[in-house]
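S.K.: predicted model, plus sequence, below.
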Amino acid sequence: MRRPKSRDFKKQQRISEETEIELLKSWIQTQQVDSGSNPMSLPPLPKNAPTGRLDENTFSRYAGVANFNQLPLSKKTKDGLKDGKFVNMTDIQRASLPHALCGRDILGAAKTGSGKTLAFIIPVLEKLYRERWGPEDGVGSIIISPTRELAGQLFDVLKSVGKHHNFSAGLLIGGRKDVDMEKERVNELNILICTPGRLLQHMDETPNFDCSQMQVLVLDEADRILDSGFKRELNAIISQLPKRRQTLLFSATQTKSVQDLARLSMKDPEYLSVHEESVTATPTLLKQIVMVVPLDQKLDMLWSFIKTHLQSKILVFLSSCKQVKFVYEAFKKLHPGIPLKCLHGRMKQERRMAIYSEFCEKRSVLFCTDVAARGLDFNKAVDWVVQVDCPENVASYIHRVGRTARYKSGGKSVLFLLPSEIQMLEKFKAAKVPVHFNKPRKELLQPVSALLASLLAKYPDLQPRAQRAFITYLRSIHLQKDKEIFDVLKLPIDEYAASLGLPMTPKIRFLNQKIKSKAVSKEQILAEPESPKKENALIVTKKKLATDDSNDEEEDNDLFMAADTLNEDEGKASEIGEVIPATRVLKKKKLKINLHRPLGSRVVFDDEGNTLPPLARIADTQSGKESMLLDPEQKAEYYRRMREDLKKADKEDKLVDRQRRREKRIKQKMKLKEVDEDDTSGSEEEETDDRANKRKKVYFDSDSDEGERNDGKAGVTVEEQEALALKLMFVELIERSIMKNEFCGHYIMKLTEDWDPLTLHSLCYLNQPNNSSIILYVKLFDNEFCYLRTIIIIASVHRGFGQVTNFLDPAL
Ligand SMILES: Nc1ncnc2c1ncn2[C@@H]1O[C@H](COP(=O)(O)OP(=O)(O)OP(=O)(O)O)[C@@H](O)[C@H]1O
């Protein structure tokens, strides 16, 4: 049975729209609240107090009222609110609506989930209604949201509360294919809800797109839209909007920057921060837990958490899309017993919207990036917000946890803090964010790393995902602004890689710069007299500075070298050890040699971990006297003798080689002659040409000390010789000898003597038997100039595979 309509309702129904607008205008005008005052400070009107016109000339006060019905709102808006079961106003609505209704600019700040959306949707509807805005008037209001999902949600609220109005509204967000259709219709829309990028696209591309008459501009999550990420877009948008307009800014963490307000041409805005005096900056019904979790245990902790909360609706924040993708894919394959979903900015828009709606409806775990951090009001309450990675600042934390405990419902959140991020707690305290400190219960921990490792082995496509997740996490820490809290060099990088199931730690190129700068600061330590850290710092600094001009790969290598040094000097270098991460692949990484490092600066270690000069081992093995290495004079004498011996040997070998070449050339000439004589066919010319072509390479007369060039003579270029040398070295030495650890000088000499085309003169080498890293100093004849030229072949054996990494002319 239909309820009889109230007298007020019947009365209002009788009032024509025109009269209603006149009435509203004079009501707002006569009873408007003083600028700068907070309507909430006024005593509330009694519940049954008459509203609207009291007599011919007076109206009821609307500032400080607690009920929507007591506000000077159109019947259509009131009906919409009633349909949505919105009766009593929240604090921010009470504080801001009286100002907003009389056309003032607003800077509204209130806790998450406190009803800020209605605080700007209502004034938009009312303003356009009072201005009698119609389809022919075009764009009357623009509401900008930082994310597509939030824009979609605002659009739903607008549709619901404004359903009795006749305005047309459009949702303009990126990722939608129907941009052409939008372009056709956008000029007919009265209210645009959009993301900055899409709005700007229309401003740039849509013919006759006109916002010059718009009345109200709203920035939801204003601090986010005003921050540097949207600066370019927002400036371009603002430049196309009329200066005479009402501007409403809302956020749980509001900007107070004068520059921001100036950018928006706001004039004496009302700053309404309704919870400024509140004891907490977060909802009172939100229980917030912080746990200190080492980086390598984060996934174990997350997995354990999910397994013990299978009946909950959980929102999990990670710091990058790639982490989200990896954790989602990996956990899905492990079947935790609750539906898993993921949401990040790299997904197609339709998928994003579908995931968002599904999560609103069903109990599940949603892994997401900060794309879901702000504004989203998931229909059925979220039970837990889990922050696996620390947010960039307190504001971001407040928005993330604000996805639960909305309006009058409760909620819980947990944040995993790394030991190095513990300072975040002080920031929480300063920002009035009450967190409870909980110790992780080890008995409940269900390790997942081993399972991930086997998953990665089973599904090859998962491994690159894990690597990308690893790198993007470290990069996100590296790029954080707050360097007091986020220091990538304090992270146990190697253990973290293992916890993702990765068999090896991926390369982290971007870290090098940090390592270098740390090295410089270590130099400052050196400047201080008697510094106990001096010795250790010296080792590290030298290593870093020696590689200033090295390429990326080698830069990474230096990271590992530095860490290696620290490992060996563990006790002494604990100070630096805190700064430079250890890695699991140190021993393997050490094999890579920085080719650009000045010769002789390479540091090798003896069994006790002491550093030795590069030739120390040869000297050591040949002299048998370790002490000799420590005496610079003896060492110099030793090198001098070595040089003389080599020179002598060079001369002798040169003579022998010349002789051999001469003989060989004569032999070849004889052969050619024989062939020419035998050939009687008419293809003689052709044959000769062919042969000439075949031999068109550059020939050198190795007999001539001046290195004259003689076409038609046997020989190969130096490049070919080197290439052949490399090949031979690789095949014969590396594969056979080095891998078996039977590398010996005798073998090499034998090999080179047998090898005809290459006039390999002499060869000495450095061998580090236990490292399987070898430098071959190979002396060749450079036939063009007929001097002895030395190439170094650097060979390394990495995980059982020989690899010639490079060769070059050293300045020995
Ligand atoms: N006056 C009201 N009466 C009842 N429910 C309300 C009222 N105002 C808002 N709500 C409800 O409170 C919830 C939170 O509102 P809203 O999304 O506007 O919060 P918010 O302050 O914008 O949050 P955030 O800062 O996270 O964006 C919504 O579900 C909304 O329907």
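M.R.: Arrived safely, thanks for sending. All values reported here derive from a predicted model rather than from experimental measurement.
S.K.: so for the lengthiest helix in the chain, what's the average pLDDT?
M.R.: Longest helix of the chain, by residue count under DSSP state H: helix 632-678. If you average the pLDDT over helix 632-678, you get 78.
S.K.: Asn235 in helix, strand or coil?
M.R.: Three-state call for Asn235 (DSSP: H, G, I helix; E, B strand; the rest coil): helix.
S.K.: ok, it to Ser96 distance?
M.R.: Going from Asn235 to Ser96 by CB to CB, to the nearest Å gives 26 Å. The C-beta positions use only the backbone N, C-alpha and C, and glycine is treated the same way.
S.K.: same check on Met214?
M.R.: Counting by CB to CB - Met214 and Ser96 are separated by 20 Å.
S.K.: sorry, back to before: which of Asn235 and Ser96 has more neighbours?
M.R.: Taking neighbours as other CB atoms under 10 Å, Asn235 and Ser96 compare with Ser96 leading, 31 against 11.
S.K.: can you pull the contacts of that one?
M.R.: Ser96 makes contact with 106, 108, 119, 270, 272, according to CB atoms under 8 Å, 6 or more residues apart in numbering.
S.K.: and with 7 Å instead?
M.R.: 106, 108, 119, 272 (CB atoms under 7 Å, 6 or more residues apart in numbering).
S.K.: how about the strand or helix carrying it as CSV, C-alpha atoms only?
M.R.: According to DSSP states H and E, Ser96 maps onto helix 91-101. Taking C-alpha atoms only, helix 91-101 is exported to CSV below (Å, rounded to 0.1, in the frame of the first residue of the first chain):
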residue,chain,number,x,y,z
ASP,A,91,30.7,15.8,8.9
ILE,A,92,32.4,16.9,5.7
GLN,A,93,28.9,17.3,4.0
ARG,A,94,27.7,19.3,6.9
ALA,A,95,30.7,21.5,6.8
SER,A,96,31.1,22.1,3.1
LEU,A,97,27.6,22.0,1.6
PRO,A,98,26.4,25.3,3.1
HIS,A,99,29.5,27.0,1.6
ALA,A,100,29.4,25.1,-1.6
LEU,A,101,25.7,25.8,-2.2
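S.K.: other SSEs contacting the longest helix of the chain?
M.R.: helix 627-630, strand 760-768 (3 or more CB pairs under 7 Å, 6 or more residues apart in numbering; DSSP states H and E).
S.K.: low-confidence stretches in the stretch 401-550 of the chain?
M.R.: For the stretch 401-550 of the chain, the stretches flagged by pLDDT under 70 are 512-550.
S.K.: what's the closest non-adjacent residue to the residue of the stretch 201-350 of the chain found nearest the ligand?
M.R.: The stretch 201-350 of the chain approaches the ligand most closely through Ala252 (4.1 Å), counting by CB to the nearest ligand atom. Using CB to CB, 6 or more residues apart in numbering and skipping the chain neighbours, the partner closest in space to Ala252 is Thr112 (4.6 Å).
S.K.: for the one you found, phi and psi?
M.R.: When read as degrees, to the nearest 10, the backbone of Thr112 gives phi -60, psi 150.
S.K.: got a list of what the nearest residue to Leu491 once chain neighbours are set aside touches?
M.R.: Leaving aside its sequence neighbours, Leu491 sits nearest to Leu295 (CB to CB, 6+ apart; 5.6 Å). If a contact means CB under 7 Å, 6+ apart, then Leu295 has 418, 491-492, 495-496 as its contacts.
S.K.: and the protein, which residues reach the ligand?
M.R.: Residues of the chain lying near the ligand by CB under 6 Å from any ligand atom: 86, 88-90, 93, 110, 112-118, 252, 375, 377, 402, 406-407.
S.K.: mind listing the strands in the stretch 351-500 of the chain by residue range?
M.R.: 365-368, 384-387, 411-417, 436-438 (DSSP state E, counting those that start in this stretch).
S.K.: in CSV: those, plus mean neighbour count and distance to Leu646.
M.R.: Formatted as CSV, the strands of the stretch 351-500 of the chain follow (neighbours: other CB atoms under 10 Å; distance: least, CB to CB, whole Å):
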stretch, mean neighbour count, distance to Leu646
strand 365-368, 26, 64
strand 384-387, 23, 65
strand 411-417, 23, 61
strand 436-438, 11, 69
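S.K.: now do Arg224: how many residues are near it, please.
M.R.: Around Arg224 sit 24 other residues, with neighbours defined as other CB under 10 Å.
S.K.: which pLDDT value belongs to it?
M.R.: 93.
S.K.: and Phe230, how far from Leu655?
M.R.: The gap separating Phe230 from Leu655 is 78 Å, by CB to CB.
S.K.: who has more neighbours, those two?
M.R.: Comparing Phe230 with Leu655 by neighbour count (other CB under 10 Å), the higher total belongs to Phe230, at 19 against 10.
S.K.: which ones are touching that one?
M.R.: 146, 196.
S.K.: what's the per-residue pLDDT of the nearest residue to Thr90 once chain neighbours are set aside here?
M.R.: Closest residue to Thr90 apart from its sequence neighbours, by CB to CB, 6+ apart: Gly115 at 3.7 Å. On pLDDT, Gly115 comes in at 95.
S.K.: neighbours of Gly115, how many?
M.R.: Using other CB under 10 Å, the number of residues around Gly115 comes to 18.
S.K.: which ones are touching it?
M.R.: Counted by CB under 7 Å, 6+ apart, Gly115 has contacts 90, 92-93, 407.
S.K.: Thr247 looks like it's in a strand, true?
M.R.: Yes - remark: Thr247 belongs to a strand, assigned using three-state DSSP.
S.K.: for burial, what's the neighbour tally of Thr253?
M.R.: 22.
S.K.: how about it: what's its closest non-neighbour residue?
M.R.: The shortest distance from Thr253 to any non-neighbouring residue, by CB to CB, 6+ apart, is to Ala395 (3.9 Å).
S.K.: picking up where we left off before, do you know how far the residue nearest to Ala252 is from Arg374?
M.R.: Taking CB to CB, one finds Thr112 at 9 Å from Arg374.
S.K.: any common contacting residues for the two?
M.R.: His399.
S.K.: now do the contacts for the nearest residue to Thr472 once chain neighbours are set aside.
M.R.: Using CB to CB, 6+ apart and skipping the chain neighbours, the partner closest in space to Thr472 is Ser320 (3.9 Å). Contacts here follow CB under 7 Å, 6+ apart; on that basis Ser320 touches 369, 472-473, 476.
S.K.: got it, and Glu182?
M.R.: Neighbouring residues of Glu182 by CB under 7 Å, 6+ apart: Leu172.
S.K.: what comes up buried for the helix or strand containing it?
M.R.: Take DSSP H and E as the rule and Glu182 turns out to sit in helix 179-185. Buried positions in helix 179-185, judged by neighbour count with 16 or more other CB atoms under 10 Å: 182-183.
S.K.: just the C-alphas of it, formatted as CSV.
M.R.: The C-alpha atoms that make up helix 179-185 are tabulated as CSV, following Å, rounded to 0.1, in the frame of the first residue of the first chain:
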residue,chain,number,x,y,z
VAL,A,179,36.6,7.8,-28.5
ASP,A,180,35.1,8.7,-31.8
MET,A,181,31.5,8.3,-30.5
GLU,A,182,32.5,10.4,-27.5
LYS,A,183,33.8,13.1,-29.8
GLU,A,184,30.4,13.3,-31.5
ARG,A,185,28.5,13.6,-28.3
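S.K.: for Gly84, give me its contacts.
M.R.: Residues near Gly84 by CB under 7 Å, 6+ apart: 160-161.
S.K.: follow-up on the earlier one: of the contacts of Ser320, grab the buried ones for PyMOL.
M.R.: The PyMOL command for the buried members of those (criterion: 16+ other CB under 10 Å) is given here:
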select buried, resi 369+472+473+476
